[in-house]
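Q: please work out how this folds:
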Amino acid sequence: EITIYVQVPPGTNSKDIVCEIDPGTIRVGVKGKSLILEGNYPENYKVNTGECFWSFEEAENTITISLDKREQTWWPSVVQGEPEIDTQNVDSKRKVD
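A: Numbering: from 1, shown residues only. You can find the predicted model right below:
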């Protein structure tokens, strides 16, 4: 799973939000303004659209997007062309209680 936090301008309400999640692409923004995030997922990765969702925290002007990846692997970035992380340096260990 990938969680994305997107800041929007103050005064934005949920009816103004554009959030389109497709198997291979994402588009996020506010109606009437330039998109904030748009593009293809890296390396032809896909998401399970039926398990993806978004919510809006109006008090914090933040959209929270949850993407359910089809493959459980580290993505170098959310969309192609964005800054990448070095996936070899990611601590992938999980503590099980």
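
Q: strands of the chain, residue ranges please.
A: Counting by DSSP state E, the chain has strands at residues 2-7, 17-21, 25-30, 37-40, 53-57, 62-67.

Q: make JSON lines from the ones you listed and add mean neighbour count and distance to Lys46 to it.
A: In short, each C-beta sits where N, CA and C put it, glycine included. Listed next are the strands of the chain as JSON lines, based on neighbours: other Cβ atoms under 10 Å; distance: least, Cβ to Cβ, whole Å:
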{"stretch": "strand 2-7", "mean neighbour count": "13", "distance to Lys46": "12"}
{"stretch": "strand 17-21", "mean neighbour count": "16", "distance to Lys46": "11"}
{"stretch": "strand 25-30", "mean neighbour count": "18", "distance to Lys46": "10"}
{"stretch": "strand 37-40", "mean neighbour count": "15", "distance to Lys46": "10"}
{"stretch": "strand 53-57", "mean neighbour count": "15", "distance to Lys46": "16"}
{"stretch": "strand 62-67", "mean neighbour count": "18", "distance to Lys46": "10"}
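
Q: and Ile85, which of those strands is closest to it?
A: The closest of the strands of the chain to Ile85 is strand 2-7. By Cβ to Cβ, the value is 12.0 Å.

Q: how about the contacts made by the residue nearest to Ile63 when sequence neighbours are not counted?
A: The spatially closest residue to Ile63, leaving aside those adjacent along the chain, is Val6, at 4.3 Å (Cβ to Cβ, 6 or more residues apart in numbering). Val6 makes contacts with 28, 36-37, 62-65, as judged by Cβ atoms under 8 Å, 6 or more residues apart in numbering.

Q: cool, Asp22 as well?
A: Thr49.
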